[in-house]
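> sequence and computational prediction follow.
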Amino acid sequence: MRSRTEKPKLRLTVSFLVTLLSVLGTTGCGMLYGAEPVEEGPIEPAEPAEASTDVDLGPGIRPLSLGPGDKSSPRISPLGERVAFVLDGYVVEKSLYAQDLKRRTAERFSATNVEWLSAENLAVLGSGSRSDSSARDAEPGSLFVSRPNDPLEAALAEGVQATGVQASGGAMVAAVETRGTEDPAVALVRIRAGGNLARSFPVALQGRVSGLSLSPDGREAAMAVRIESGEDAGRVEIVTYRFSEGEPQRVALLDEGLEVMGAPQQTPRGIYLVAGEEEDEEADYTLYQVSEGSEGYEPVRGIGEDFVPASIAASPAGDSLAVLGRRSSRSPTDLYVLNLASDALDAVTANENMEIKTKPGDLAWSPDGSYVVIVARGVLSGPKVYGSPAEEISSAFYNVYRVPVGTAASTGGRPG
Amino acid sequence: MCWLLGASLAFLMTAGAFLVLANLGTAPSASVPIPRSAATEQGPQGPKLVLDFSEERLEKLERRKDQTLTLYLANRGDKGLESVELELTVSSEDTASPSVRRYRETVLELAPDQVEPVSMTIDLSPAPPVESLAVLGQETGGDREILEARAHAPGEPVVVETAVLAP
């Protein structure tokens, strides 16, 4: 009997609670959460003045620097928060989108190249400054370490022939000329994030290293070496060096008269390099591939026979290649991304009226592989008037541009 | 079960009270239009300083001394301006170059709708090459020249125009 009298009460209670929850769901909760769905994500900083209206490189491309000055060697910090570059021979760094420029070397430093060693420390290649006593009289090709808020110390290494960094950040290696021996000798020197020498690997090479890069995992170096002695003197060989094995291995010997632009890029699909006839200013360069396990090199067919590459950079994951070049000798220079698995070449800029710098050091990936930084300026055929101060203008001067490439999902780098 | 009914009722009342309070704080935005500024309804008020380079004359400038540059100051407002200061800075795009030349002129009065040409004799000769860049083998000639003009009248915002000259 007790159960009979309680069942209707229970049903009533349950139905009341259902009604109550429905009312709350359609009224209260609906009002609290009834707004348009907001996609979560990082809040993009405001566009710099004049940024989107004055860039003739295509949609979505943003300047990371503004104002006068010849910029080169742009590099994104390992955490993706700051950009460092060489400005008229000295080194500066700044937040990606704010113009909080911070000078890291003296003004007349003669820097040629800069790399991030850590989130704060920079490695600077150059000859040093006459106004900076610590770096006085250093030789060209000297490597300095710049720590924030500390004066620049004496050169960490001299006689540096080339440097290479892991594209995702984390490792830097310098090819340093070894002194005191008659034969040309080189040591590959690993540099710690703190700016100290970690370990030196003597490498028996037949000549001088003209370009150096590290594999995506940082365990192997690929070098272009100009042979200085023997029957192959004057030719360029491509050499790999696995740090765990300690023996250099020639993977290709280029034809006589061919020179390599920049560093050969090591990827899981082999080594890629740009080479062309030396001492011929009119000569076009070609993108070559040294396939894994092969002893020769051959042109990369997927980019088209008329394509003229200028410089390349492998993505942090090693699955793509950023290529600065022209579809044909009459086309403007644009940035392309070559998918190494499919050989698909996609243009990521639509250059209308910009001069893009094509030196190898002026092209770099972000550590997460989501964008590439390049240096460019607008073509001026005559005077041009802007309605803003010079320091807020981007396209009139060489500036650093961020070009999204949309491959972040396929890369294994650190998040930016 | 009474306790369950009581608790539910209390919850409903509390939720309702919060909703009423929340709605009190946010008046419907559509019912209160954003008031327009008086200026946009009534046209320009007061002076409005405008600065202009003559691009045609810019093309005739040469990279040497004693070049005549004409800038135009205009008052597009309906009130006169006094003591309009005009400063022109001539510099190279090379930030390591210490060569910066400054020129100043003052226009004592600028009536409404008046356009006043201001001529200056300026030095556009190239700056000496920077040693550090010469060491690097970089080209030191051929830099773009920057002419940045700033006009300012008391109580008015600064107006800036920049002309960039190709080499």
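Here it is on my side, so go on.

> ends of stretch A:238-256, how far apart?
Start-to-end span of stretch A:238-256 (Cα to Cα, to the nearest Å) is 13 Å.

> what's in contact with that stretch?
A:188, A:190, A:201, A:203-205, A:219-225, A:232, A:234-237, A:260, A:264, A:266, A:271, A:273, A:275, A:290, A:295-297 (Cβ atoms under 8 Å, 6 or more residues apart in numbering or on different chains). To be clear about C-beta, it is placed using only N, CA and C from the backbone, and glycine gets the same treatment.

> let's go with 7 Å and repeat that
Applying Cβ atoms under 7 Å, 6 or more residues apart in numbering or on different chains, the external contacts of stretch A:238-256 come out as A:188, A:201, A:203-205, A:219-225, A:232, A:234-237, A:264, A:271, A:273, A:275, A:290, A:296-297.

> contacting residues for the spatially most central residue of chain A?
Closest to where the C-alpha atoms of chain A average out (Cα atoms, centre = their mean) is residue A:364, at 2.0 Å. With contacts defined as Cβ under 7 Å, 6+ apart, the neighbours of residue A:364 are A:74-76, A:313, A:372-373.

> for those residues, which one is nearest chain B?
Minimum distance to chain B across the contacts of residue A:364 is 16.0 Å, recorded for residue A:74 (Cβ to the nearest Cβ).

> which stretches of chain B aren't confidently modelled?
Chain B contains residues with pLDDT under 70 at B:1-9, B:12, B:15-46, B:128-142.

> what segments of it are strands?
Under the criterion DSSP state E, strands of chain B are mapped to B:49-53, B:67-75, B:81-92, B:100-110, B:115-122, B:145-152, B:159-165.

> and the stretch 151-300 of chain A, by the same measure?
Listed in chain order, the strands of the stretch 151-300 of chain A (DSSP state E, counting those that start in this stretch) span residues A:160-165, A:172-177, A:186-191, A:197-203, A:207-214, A:220-227, A:236-242, A:248-253, A:258-267, A:270-277, A:286-290, A:298-299.

> bridged to residue A:103, which residues?
Following DSSP bridges, residue A:103 is listed with bridge partners residue A:92.

> pLDDT below threshold where in the stretch 251-400 of chain A?
Low-confidence regions of the stretch 251-400 of chain A, defined by pLDDT under 70, span residues A:280-282.

> for it, which residues are neighbours of chain B?
Taking Cβ under 7 Å from any Cβ of the partner chain as the criterion, the stretch 251-400 of chain A approaches chain B at residues A:380-390, A:393, A:396-397.

> rebuild the residues you listed as TSV, extending it with secondary structure and neighbour count.
Formatted as TSV, those follow (DSSP: H, G, I helix; E, B strand; the rest coil; neighbours: other Cβ atoms under 10 Å in any protein chain shown):
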residue	secondary structure	neighbour count
A:380	coil	16
A:381	coil	7
A:382	coil	10
A:383	coil	21
A:384	strand	19
A:385	strand	15
A:386	strand	21
A:387	coil	13
A:388	coil	15
A:389	coil	18
A:390	helix	21
A:393	coil	25
A:396	coil	24
A:397	coil	25
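
> farthest pair within these?
A:381 and A:389 (23.2 Å; Cβ to Cβ).

> what's the burial count for residue 55?
Picking chain A for this. Neighbouring residues of residue A:55 were enumerated by other Cβ atoms under 10 Å in any protein chain shown; the total is 23.

> hmm, no, I was thinking of chain B.
Counted with other Cβ under 10 Å, residue B:55 comes out at 12.

> residues in contact with it?
Residues A:383, A:385 are the ones in contact with residue B:55 under the rule Cβ under 7 Å, 6+ apart.

> gap between it and residue A:377?
For residue B:55, the distance to residue A:377 (Cβ to Cβ, to the nearest Å) stands at 19 Å.

> mind listing the helices in chain A by residue range?
A:2-23, A:29-33 (DSSP state H).

> least reliable of those by average pLDDT, please.
Out of the helices of chain A, helix A:29-33 stands lowest, with a mean of 37 (criterion: mean pLDDT).

> residue A:177 reaches residue A:159, doesn't it?
Yes: between residue A:177 and residue A:159 there is a contact under Cβ atoms under 7 Å: 3.5 Å.

> show me the shaky parts of the stretch 101-250 of chain A.
Residues of the stretch 101-250 of chain A that meet the criterion pLDDT under 70 lie in A:128-140, A:179-184.

> can you list the residues of it near chain B?
The interface of the stretch 101-250 of chain A toward chain B, taken as Cβ under 7 Å from any Cβ, is made up of A:107-110, A:112, A:127.

> change it to 6 Å
Residues of the stretch 101-250 of chain A found near chain B, taking Cβ under 6 Å from any Cβ of the partner chain as the criterion, are A:107-108, A:110.

> tally of neighbours for residue 68?
This is for chain A. By other Cβ under 10 Å, 26 other residues sit near residue A:68.

> other chain: chain B
Using other Cβ under 10 Å as the criterion, residue B:68 is surrounded by 11 other residues.

> same deal with residue A:77?
The number of residues near residue A:77, taken as other Cβ under 10 Å, comes to 23.

> now swap in residue B:121 and tell me
By the criterion of other Cβ under 10 Å, residue B:121 has 10 neighbours.

> and for residue A:318?
Neighbourhood size, residue A:318 [other Cβ under 10 Å]: 21.

> the one 4 residues further on now?
Close neighbours of residue A:322, defined as other Cβ under 10 Å, add up to 27.

> do I have it right that it meets residue A:372?
Yes: judged on Cβ atoms under 6 Å, residue A:322 makes contact with residue A:372 at a distance of 4.8 Å.

> residue B:99 against residue B:127, yeah?
Yes: with contact defined as Cβ under 6 Å, residue B:99 and residue B:127 form a contacting pair (3.7 Å).

> between the two, tell me which one has more neighbours.
residue B:127 (19 against 14).

> so who does the more buried one touch?
Contact criterion Cβ atoms under 6 Å, 6 or more residues apart in numbering or on different chains gives B:92, B:97, B:99 as the residues in contact with residue B:127.

> mind redoing it with 8 Å?
Residue B:127 touches B:92, B:94, B:97-99, B:143, counting by Cβ under 8 Å, 6+ apart.

> out of the strands of chain B, nearest to residue A:306?
Closest of the strands of chain B to residue A:306 is strand B:159-165, at 34.2 Å (criterion: Cβ to Cβ).

> just the angle between the closest one and strand B:67-75, please?
On the basis of axes from the mean of the first three to the mean of the last three Cα atoms, to 10 degrees, strand B:159-165 is oriented at 150 degrees to strand B:67-75.

> and strand B:159-165, what does it pack against?
In this structure, strand B:159-165 makes packing contacts with strand A:384-386, strand B:49-53, helix B:55-58, strand B:145-152, judged by 3 or more Cβ pairs under 8 Å, 6 or more residues apart in numbering or on different chains; DSSP states H and E.
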